[in-house]
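Visitor: kindly generate the corresponding structure for this input.
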Amino acid sequence: MKHSVCTASILFIFLSLAAWAEEEPDSAEPATFKVNVYGVTDQPPAVPTVNRFGGRFNTVTEEQIERQGALDFYDALRNVPGVTYQKRNIIGGQTSHSLYIRGRGASHPSPDLTILFDDVPRSGVLYGQALADGIPTYALGGMEIYKSPQPSRFGSGYGMINFVPKYMTREGFDVQAGAEGGSHGTVAENFSLGYKNGKFDVYAAQTWLSTDGHVQNSAARQAGYYANTGIQVAENWSIRFMGNYVQARTEVPNNPLTGTRVIDRFDTKTGLTTLTLANNFDNASGWLKFYYNNTKFDLLGEGSGTQRSRQTNKLFGVRGRETFSLWENDEIVAGFDLDKADLTNYSVNFVNPEGPNNPRTWNFPDQTLFSPYAAVNYYAGAEDGFHFIPSGGVRLYHHTLFDDAFAPQIGAIFGYRHTDVNFSFARAVNYPSPVVLQGFLTNASLPDDFDTDKIKPETANHYEIGLTHTRPGAFTLGATYFHDKGKNRTRVYMFGDAPDDFFFNSTTAKYRILGAEVTGKATPADNFEIFMGATWLRAKGTGDDGVEADRLPYTPNFTFQAGFNWSFLRNFNLNGDYQHIRDMYAGTAVRTSPTDNPGSNFPVLTEANRLPDADVVNLRIDYAFRRGSALLEKAKIFIAVNNVFNNKYAYALETSADGTGYYYMPGTTFRVGMDFGF
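Guide: Next up is the predicted model:
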């Protein structure tokens, strides 16, 4: 009850401030959203942008990542409504699932969510890990977060996160250097060098991040190397090459109940390169992108220190996208994704090295997914009066291993001046990884007569209605209601050789998620901005046995985010944020169901699975200065305090007959640092 009163009070204060801002003179200018130099919408992370297809997405800019002091990309997402995550360390992630968007993502093994870097795949797709260890936040110019399917923007998966890379955007030389240190031996440094002269630009960066951890065996480190160069080859054409290599190590904390651990650490080595040919005309713009991504993910000390596993993910392909107009007020998007995967799992047992199947290698069948798509919308009316934007589109999926599919989308926006109502329907198509075949890989290959075409992708229908009202330069308020219905749940057998009667798709297992979201931002005074977001979720899942669960893992009933950014006294900037998570249950929506226990794929979550409610406040103050040499363009020092009120919260737990043990996150932590630009 006290949480509801507190939340209501905060919402009342926010709406009061918005009403205060309402007193400013009205403007005839349409409600538009600024974008930063990398094309990322410049909105607070809590406030979504509505595109012309009636879909909503959130963004996090480079500046916002810096203000939040995000050490990994999980932290950078903490102010995005409806997005939660799981981790046990100050930085880095673990195996299995770890990232959740409106309750989706808690399955294992399966890539429920799409992780892109520079619009191409980058994750541990074999088992579906988000692999936060492999994404250096310093290389990011921003992030795009889609919390619902939109076939005209991305393919397989229920939701998507795209990391937008940095590059040099202004003429001349640019040198940046920074360092910071803080609680629990946490240190970080970065150095970058850029140059742009007319049609040519180049940018290179190096980063190092390390922590001793807040509990025993929770140390982590990450080293990253990044380069991005481009050249304008003609008036409307350019070529850009991007490369990124990351090496990381994340230790596994002891089980809070037993004081022991079954895995020592995770080692990640990942390299990604993209080559992009881009065009930009008056009525058309787009790109053709080639990519190669090689990730090696090692589990060391698995099985109480007796074995080691390595997952190798080789992803490569080509993607194209063009946005153009054939007549006035229309927008047409057309493109394709051609993605190939070469996936391997290797395991060796140190206790019985001469035993059968040791070491063992699973060479999964190569897979290719080709998914062309097209969508169109039309703007009728006037931005400063009544307007109507209908839209529609479709994406086709042709898979070399699994069954083909298609995903339609339709949308409409009705509005008057700065008030819009949007409707949308879209289907999510979620293809499984070839890991679903692991139990059938006798002698590391499939039987000749095995037919994989019978394996269907999961599908989910998403319905959404939203309302947005904006007073340019003053405030934005929005609300949305959404409903997801999923079916054709994919099952995996990983208990040795699979039985003949095993079925891959369940006609019984299904889920339903109902949700509502309220968001807003306001600028009640010059150089002072506040934002908030609240999400309510209700979820139900039915297993293969027909038993219905009234809650799903990592689908909190209520989350709330709020924050502010204040620039004062010319050189000072103070910002803070608050996260509240209530009624979130730990668990795994497993797909590894044995035939004799088909209902286990939706766990029965009891109070033993309930995580402590989180109430976390973070603050950071920056002081900018310029002294001495004229070459010093900018300099600043900062102090950051996370979990100011020392709240005891956790994202993960262990349960046994003896009770429940939580992997508590750090209490109050401090960091100080400095950044220089020349």
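Visitor: and residue 541, how many neighbours?
Guide: 25 (other Cβ atoms under 10 Å). The way it works is simple: take the backbone N, C-alpha and C, and place the C-beta from them, glycine included.
Visitor: confidence score at the closest residue to residue 391 other than its chain neighbours?
Guide: Spatial nearest neighbour of residue 391, excluding adjacent residues (Cβ to Cβ, 6 or more residues apart in numbering): residue 377 at 3.6 Å. Here, the pLDDT recorded for residue 377 equals 97.
Visitor: helix or strand: which one has residue 377?
Guide: Per DSSP states H and E, residue 377 falls inside strand 367-378.
Visitor: and the next element down the chain from that strand?
Guide: With elements assigned by DSSP H and E, the helix or strand that comes after strand 367-378 is strand 380-381.
Visitor: any idea how far that next one is from the chain center?
Guide: Averaging C-alpha positions (Cα atoms, centre = their mean, to the nearest Å) puts strand 380-381 35 Å from its chain's average.
Visitor: again, but for stretch 380-392
Guide: That offset, for stretch 380-392, works out to 31 Å (Cα atoms, centre = their mean).
Visitor: these two touch, right, residue 136 and residue 206?
Guide: No. At 9.5 Å, residue 136 does not count as touching residue 206 under the criterion of Cβ atoms under 8 Å.
Visitor: the more surrounded of those two?
Guide: residue 136 (25 against 16).
Visitor: picking up where we left off before, list the buried residues in the strand holding residue 377.
Guide: Buried residues in strand 367-378, defined by neighbour count with 16 or more other Cβ atoms under 10 Å: 367, 369, 370, 371, 372, 373, 374, 375, 376, 377, 378.
Visitor: please apply the same query to stretch 210-217.
Guide: Within stretch 210-217, judged by 16+ other Cβ under 10 Å, the buried ones are 210, 211, 213, 214, 215.
Visitor: now swap in stretch 260-277 and tell me
Guide: In stretch 260-277, the ones that count as buried by 16+ other Cβ under 10 Å are 261, 263-274, 276.
Visitor: follow-up on the earlier one: Throw the buried residues of strand 367-378 into a markdown table and include distance to residue 78, thanks.
Guide: Shown next, in a markdown table, are the buried residues of strand 367-378 (distance: Cβ to Cβ, whole Å):
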| residue | distance to residue 78 |
| --- | --- |
| 367 | 34 |
| 369 | 32 |
| 370 | 36 |
| 371 | 32 |
| 372 | 36 |
| 373 | 32 |
| 374 | 36 |
| 375 | 32 |
| 376 | 36 |
| 377 | 32 |
| 378 | 38 |
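Visitor: surely residue 299 is in contact with residue 266?
Guide: Yes. Between residue 299 and residue 266 there is a contact under Cβ under 8 Å: 6.1 Å.
Visitor: now the common contact residues for the two.
Guide: residue 95 (Cβ atoms under 8 Å, 6 or more residues apart in numbering).
Visitor: so what's the residue count around the residue nearest to residue 62 when sequence neighbours are not counted?
Guide: Excluding its sequence neighbours, the residue lying closest to residue 62 (Cβ to Cβ, 6+ apart) is residue 141, at 5.1 Å. By other Cβ under 10 Å, 20 other residues sit near residue 141.
Visitor: packing partners of the helix or strand harbouring residue 141?
Guide: Assigned by DSSP H and E, residue 141 belongs to strand 140-146. Under the contact criterion of 3 or more Cβ pairs under 8 Å, 6 or more residues apart in numbering; DSSP states H and E, strand 140-146 touches strand 56-61, helix 62-68, helix 73-76, strand 159-165.
Visitor: make it 6 Å
Guide: strand 56-61, strand 159-165 (3 or more Cβ pairs under 6 Å, 6 or more residues apart in numbering; DSSP states H and E).
Visitor: save those as CSV, and put in distance to residue 660 and mean pLDDT too.
Guide: Converted to CSV, the helices and strands packed on strand 140-146 look like this (distance: least, Cβ to Cβ, whole Å; pLDDT from 0 to 100):
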stretch, distance to residue 660, mean pLDDT
strand 56-61, 33, 96
strand 159-165, 29, 96
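Visitor: can I get the ones you listed in a markdown table including mean neighbour count?
Guide: Listed next are the helices and strands packed on strand 140-146 as a markdown table, based on neighbours: other Cβ atoms under 10 Å:
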| stretch | mean neighbour count |
| --- | --- |
| strand 56-61 | 24 |
| strand 159-165 | 23 |
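Visitor: pLDDT wise, what is the residue of the chain most remote from its centre at?
Guide: The C-alpha centroid of the chain is most remote from residue 354, which lies 42.3 Å away (Cα atoms, centre = their mean). Per-residue confidence at residue 354 stands at 70 (pLDDT).
Visitor: between the two ends of stretch 256-270, how far is it?
Guide: 31 Å (Cα to Cα, to the nearest Å).
Visitor: ah, wrong one, I meant stretch 119-129
Guide: 18 Å.
Visitor: pLDDT below threshold where in the protein?
Guide: 1-33, 303-305, 442-445, 496, 595-600, 626-630 (pLDDT under 70).
Visitor: the strand holding residue 141: partners in the sheet, and parallel or antiparallel?
Guide: Strand 140-146 has its sheet partners listed here by DSSP bridges as strand 56-61 (antiparallel), strand 159-165 (antiparallel).
Visitor: those strands: which one's closest to residue 534?
Guide: strand 56-61 (14.0 Å; Cβ to Cβ).
Visitor: please state the offset of the closest one from the chain centre?
Guide: 11 Å.
Visitor: residues making contact with it?
Guide: Residues from elsewhere that reach strand 56-61, judged by Cβ atoms under 6 Å, 6 or more residues apart in numbering: 36, 40-43, 45, 48-50, 76, 80, 142-146.
Visitor: of those, buried ones?
Guide: Among the contacts of strand 56-61, those classed as buried by neighbour count (16+ other Cβ under 10 Å) are 36, 40-41, 43, 45, 48-50, 76, 80, 142-146.
Visitor: farthest-apart pair in those, please.
Guide: Distances among those were taken as Cβ to Cβ; the most separated pair is 50 and 76, at 22.2 Å.
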